[in-house]
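Student: take this sequence and fold it.
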Amino acid sequence: MAAAEKLTGLKKAAILLICLGEDLATQLMRELTDEEIFKVTRCMADIEHIPDDLKKRIVEDFELAAESQAGLVVKGQEFAKKLIAGTGSKARENSLMKQFVTGTEARPLETIAKMHPSMVAGLLEREHPQTLALVLSTQATEHAGAIIAKLPEDKRADVVYRIATLDTVSPAVIDRIEEALSKEIGIVVGAQEQREVGGLKKVVEILDSMTDNLDGEILECLEEVEPEMVEDIRKMMFTFDDLCTLDGRSIQMILREVNNDSLTMALKTASDEIKAKIFANMSSRAADMIKDDLEAMGPVRLSEVETMQQTIVKIAMKLEEEGKLVLGRGSGGDEFV
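Tutor: Numbering: from 1, shown residues only. Coordinates of the predicted model:
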């Protein structure tokens, strides 16, 4: 360990708290803010041994009387967790412990979340589709969609099907998968909690994030073997084209959340039916301006258009979650009386 002069104030504080012992250190921790506790416990996690001379110097620097003793051999992570356990309310303890564990244990599934989709696909493409499904169901929607897009074409529909049929997964299963992944990406794993993964909702979110009509291709392949599941998925999906199914009031509510530039981009590849629906629910002046912008617009990337369309879809779905409108999905929506 570095000499006392080279240590940061945070490192010195962490060493001092360890030297004071759990009881006294816990009392002192109660006077710290959550941010300060998070920083100092993170620092403690890296400490395994405190040389005797360093311990003495740290104690002297903080002007505390301490009895001379041999250097301490400590388990920094365990000590830090015990201190967090004595910081006050259970809610605060849980919050701090979650931050501490997240910050000190790099798990394979968390590492995959930061890797490029092509790299993840290359890493996982030889895995069993069920393993692939479980791993992808733990990832953020857009990241999972990008990874699926990089998988071999003959695996995509099977993986999506398996994600749709996943439910709650035991910690033992997740641990086994993370242990296997750790051999590939060199990460040591710790304990895991039971968690809910997959399901139709996850599949819908992943498919909604895809571009280049990849979602349609996957659904077509899946429909050949699981037509009922695909029907359920389609009922849950809401696409830009489904804006036609909304009433004028709902369209106007969505348009209030969208600026003209974004709307113009989204309408670049829209059908005449969609354009007519949009223009009918805005002022003539605003509609004419967007029509002029569309005529003057040069070539643009299809991905940019699809991104803007998806942004508008997300706005519509957010408004539905807030109870401000009801979305009609495809042709299978509920009938209103």
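
Student: separation between residue 277 and residue 284?
Tutor: 15 Å (CB to CB, to the nearest Å). Heads up, the C-betas are built off the backbone N, CA and C, glycines and all.

Student: hmm, I was thinking of residue 322
Tutor: 29 Å.

Student: what segments of this structure are strands?
Tutor: 49-50, 72-73, 168-169, 195-196 (DSSP state E).

Student: could you name the helices and strands sitting against the first one?
Tutor: What that stands for is strand 49-50. Secondary-structure packing of strand 49-50 (3 or more CB pairs under 8 Å, 6 or more residues apart in numbering; DSSP states H and E): helix 9-20, strand 72-73.

Student: could you rerun that using 7 Å?
Tutor: When contacts are defined as 3 or more CB pairs under 7 Å, 6 or more residues apart in numbering; DSSP states H and E, strand 49-50 packs onto helix 9-20.

Student: name the residues of the helix it packs on that come out as buried.
Tutor: Neighbour counts using 16 or more other CB atoms under 10 Å place 11-20 of helix 9-20 among the buried residues.

Student: how close does residue 21 sit to residue 204?
Tutor: From residue 21 over to residue 204 the distance is 53 Å, taken as CB to CB.

Student: what about those two, which has more around it?
Tutor: Shown here are residue 21 and residue 204; by other CB atoms under 10 Å, residue 204 has more neighbours (21 against 11).

Student: roughly how far does the residue nearest to the more buried one when sequence neighbours are not counted sit from residue 200?
Tutor: With CB to CB, 6 or more residues apart in numbering as the criterion, residue 204 has its nearest non-adjacent residue at 4.6 Å, and that residue is residue 236. Applying CB to CB, the value for residue 236 to residue 200 is 6 Å.

Student: kindly report the same for residue 18.
Tutor: Look at residue 18 and residue 200: by CB to CB, they are 50 Å apart.

Student: and the helices in the stretch 101-250 of the chain?
Tutor: Listed in chain order, the helices of the stretch 101-250 of the chain (DSSP state H, counting those that start in this stretch) span 108-112, 117-124, 129-137, 141-150, 153-165, 171-185, 200-208, 214-223, 227-236, 248-255.

Student: would a markdown table of those helices with distance to residue 261 be doable?
Tutor: Formatted as a markdown table, the helices of the stretch 101-250 of the chain follow (distance: least, CB to CB, whole Å):
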| stretch | distance to residue 261 |
| --- | --- |
| helix 108-112 | 35 |
| helix 117-124 | 28 |
| helix 129-137 | 34 |
| helix 141-150 | 22 |
| helix 153-165 | 34 |
| helix 171-185 | 41 |
| helix 200-208 | 23 |
| helix 214-223 | 26 |
| helix 227-236 | 30 |
| helix 248-255 | 13 |
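
Student: residue 294 is nearest to which of those helices?
Tutor: Relative to residue 294, the nearest member of the helices of the stretch 101-250 of the chain by CB to CB is helix 248-255, separated by 15.7 Å.

Student: and the closest one, what does it pack against?
Tutor: Helix 248-255 is packed against helix 302-321, with contacts defined by 3+ CB pairs under 7 Å, 6+ apart.

Student: now the helix it packs on against helix 141-150, angle please.
Tutor: Note on geometry: by axes from the mean of the first three to the mean of the last three CA atoms, to 10 degrees, helix 302-321 and helix 141-150 are set 140 degrees apart in direction.

Student: state the distance from residue 41 to residue 18.
Tutor: 11 Å.

Student: wait, residue 156
Tutor: 51 Å.

Student: which among the buried residues of helix 9-20 gets closest to residue 223?
Tutor: Closest approach to residue 223 among the buried residues of helix 9-20 (CB to CB): residue 14, at 57.9 Å.

Student: and the helices of the stretch 101-250 of the chain: which comes nearest residue 28?
Tutor: Smallest distance to residue 28 across these (CB to CB): 31.2 Å, for helix 108-112.

Student: for the nearest residue to residue 289 once chain neighbours are set aside, give me the pLDDT.
Tutor: Excluding its sequence neighbours, the residue lying closest to residue 289 (CB to CB, 6+ apart) is residue 260, at 6.8 Å. The per-residue pLDDT reported for residue 260 equals 90.
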